[in-house]
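Chemist: okay, predicted coordinates and the sequence, questions at the end:
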Amino acid sequence: MRLIPIALVTGLCGFAAAEAPGVQAITADLPGPVEFEAPEALQTLEEGIVLLDLNIVSDMDPGIKLADGSWGTLEGCEFGAVEAETVMVKTGSNHMLLEVRLGDPDEHAANLLSCNYRPDLISADGFGHLTRLKGCFYAHNIAIPTAVHWRLNPLPAQACGIGD
């Protein structure tokens with residue numbers, strides 16, 4: 001009798017984490033392993049639906065556009081969620097720009113920019129934070145001279161197979 005509920009719960013958890021067909025899962029740490037290059041996962045990015053999960057060390061903190069239209073940084077961020085309209089990610093390459101639009105939190109609940117505590121990153125210059133950017137987006141490739149500009153527009157979580 002106990003096996004049936006456990007199997008049912010295990011199955012439900014698997015469905016909740018499953019990606020929808022055609023969704024690219026892009027997971028990367030910034031900076032990547034090769035200096036002056038974007039991580040391989042970002043280099044394989046294609047136009048379409050993307051489930052993004054980036055971990056960004058403080059040396060590469062992104063620029064953020066706030067709701068009032070002003071631009072800022074994450075310098076001195078407090079731990080937790082960060083309210084931002086747009087995030088400009090330093091990919092490690094001068095030939096790849098990554099612009100991520102987070103969208104309205106009520107409509108795009110899977111999308112999040114946050115400052116996370118990481119004691120292994122404490123240094124004389126920093127207080128030990130790792131920036132995390134994750135969510136469900138539609139990637140558009142904009143060709144510019146000598147580079148590619150990726151614009152990721154927000155999608156509802158369901159587009160990536162998250163939630164209902």
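Modeler: That came through, no problem.
Chemist: please count neighbours and contacts with C-alpha atoms only from this point.
Modeler: Will do.
Chemist: what about the strands in this protein?
Modeler: Secondary structure of the chain by DSSP state E: the strands cover 24-30, 48-57, 63-65, 71-72, 80-81, 86-90, 96-101, 112-122, 127-144, 147-154.
Chemist: mind telling me which of these the model trusts least?
Modeler: For these, mean pLDDT drops lowest on strand 112-122, to a mean of 79.
Chemist: and stretch 55-71, what's buried?
Modeler: For stretch 55-71, burial by neighbour count (16 or more other CA atoms under 10 Å) applies to 55-58, 60-66.
Chemist: that one: end-to-end distance?
Modeler: The first and final residues of stretch 55-71 sit 21 Å from each other (CA to CA, to the nearest Å).
Chemist: pipe the buried residues of stretch 55-71 into a markdown table and attach distance to residue 148 per row.
Modeler: Putting those into a markdown table (distance: CA to CA, whole Å) gives the following:
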| residue | distance to residue 148 |
| --- | --- |
| 55 | 21 |
| 56 | 20 |
| 57 | 23 |
| 58 | 24 |
| 60 | 19 |
| 61 | 20 |
| 62 | 18 |
| 63 | 18 |
| 64 | 20 |
| 65 | 21 |
| 66 | 24 |
